[in-house]
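Asks: whatever this is, show me its structure:
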Amino acid sequence: MVKREELKVKSRDTLGKKVRFLRRQGLTPVNLYGPKTESIPLQVETSLLERLIATVGRNALITLKVDRAKEPRLAMIRDIQRDPLTGALLHVGFFQIEVTHKVRAEIPLIFLGEAPAAKSPRAMVIQNLTSLQVEGLPTDLPRRIEVDLSLLEEMNQAIHVREIPMDDRLEVLTDPDEVVVHVIETRAPVEEEEVKEEVKEETE
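Replies: Sure, this is the predicted structure:
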């Protein structure tokens, strides 16, 4: 089971451009929305929200406790907006879900181990994908998908999406033939003396 985090949020009356005053007070404007939920403006302490994002990421189930609501809301982080210059948190969108309904999510890839083929000085490991799009029940979504680099034993070998072990309860929506990571052979390094000789000949 995925650990469920809790976050206390408050209803927000400050809208539009005035939300900048909230940020000065250490608060971040957020919205809760979903297929059966009209967008609800909320606000939360920025420090708590930053800690939550760093701890659970986008795919964890979160229990939102809204001050004016009788029942807590089950949600996932869907949108994160930051200032492109400072990185400061500007807005977060929470997507309300039902545990019995499947959802789509981008699950980050974590590359583990070392590729035996990469021990050659002429080898380079190229990572083509950083995440996979999957569909499943919220309680079945992993926070990350592990990719074992030790399977790359030969030069020019690749690991495709279809070769990554996945839970049977999840459906992978990313093209199964797409290359996730592969090892390529680079050009042999040119000896320094050869370079100097070529420069000397061109000069003469």
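Asks: return the set of buried residues in stretch 34-52.
Replies: For stretch 34-52, a neighbour-count test (16 or more other CB atoms under 10 Å) marks 34, 40, 42-46, 49, 52 as buried. Glycine gets a C-beta too; all of them are placed from N, C-alpha and C.
Asks: can you show me the helices along the chain?
Replies: Here the chain has its helices, by DSSP state H, at 19-24, 46-56, 192-203.
Asks: how about residues contacting stretch 158-169?
Replies: 129, 132, 134, 136-137, 140, 142, 145, 147, 151-152, 172, 174-183 (CB atoms under 8 Å, 6 or more residues apart in numbering).
Asks: and for residue 33, the neighbour number?
Replies: Neighbour count for residue 33, taken as other CB atoms under 10 Å: 16.
Asks: show me the beta-bridge partners of it.
Replies: Beta bridges link residue 33 to residue 95, judged by DSSP bridges.
Asks: residue 75 too?
Replies: Going by DSSP bridges, residue 75 forms beta bridges with residue 62, residue 96.
Asks: state the pLDDT value of it.
Replies: The model reports residue 75 with a pLDDT of 89.
Asks: I figured it hits residue 62, correct?
Replies: Yes - judged on CB atoms under 8 Å, residue 75 makes contact with residue 62 at a distance of 5.4 Å.
Asks: shared neighbours, the two?
Replies: Common neighbours of residue 75 and residue 62 (criterion: CB under 8 Å, 6+ apart): residue 94.
Asks: how about the strands in the chain?
Replies: Applying DSSP state E to the chain gives strands spanning 5-11, 27-34, 37-45, 62-66, 73-82, 89-96, 103-112, 123-127, 131-136, 145-148, 158-160, 171-172, 179-185.
Asks: which one of the ones you listed lies nearest to residue 19?
Replies: Closest approach to residue 19 among these is made by strand 27-34 (4.4 Å; CB to CB).
Asks: elements contacting that closest one?
Replies: helix 19-24, strand 37-45, helix 46-56, strand 73-82, strand 89-96 (3 or more CB pairs under 8 Å, 6 or more residues apart in numbering; DSSP states H and E).
Asks: make it 10 Å
Replies: strand 5-11, helix 19-24, strand 37-45, helix 46-56, strand 62-66, strand 73-82, strand 89-96 (3 or more CB pairs under 10 Å, 6 or more residues apart in numbering; DSSP states H and E).
Asks: and the angle from that strand to strand 37-45?
Replies: Strand 27-34 runs at 160 degrees relative to strand 37-45, counting by axes from the mean of the first three to the mean of the last three CA atoms, to 10 degrees.
Asks: in PDB, could you pull the C-alpha coordinates for strand 27-34?
Replies: The C-alpha trace of strand 27-34 is given here as PDB (Å, rounded to 0.1, in the frame of the first residue of the first chain):
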ATOM      1  CA  LEU A  27       1.200  31.000   1.700                       C
ATOM      2  CA  THR A  28       0.800  29.300  -1.600                       C
ATOM      3  CA  PRO A  29      -2.500  29.400  -3.600                       C
ATOM      4  CA  VAL A  30      -3.700  25.900  -4.600                       C
ATOM      5  CA  ASN A  31      -6.700  24.500  -6.400                       C
ATOM      6  CA  LEU A  32      -8.600  21.200  -6.000                       C
ATOM      7  CA  TYR A  33     -10.300  19.900  -9.100                       C
ATOM      8  CA  GLY A  34     -11.500  16.700 -10.700                       C
END
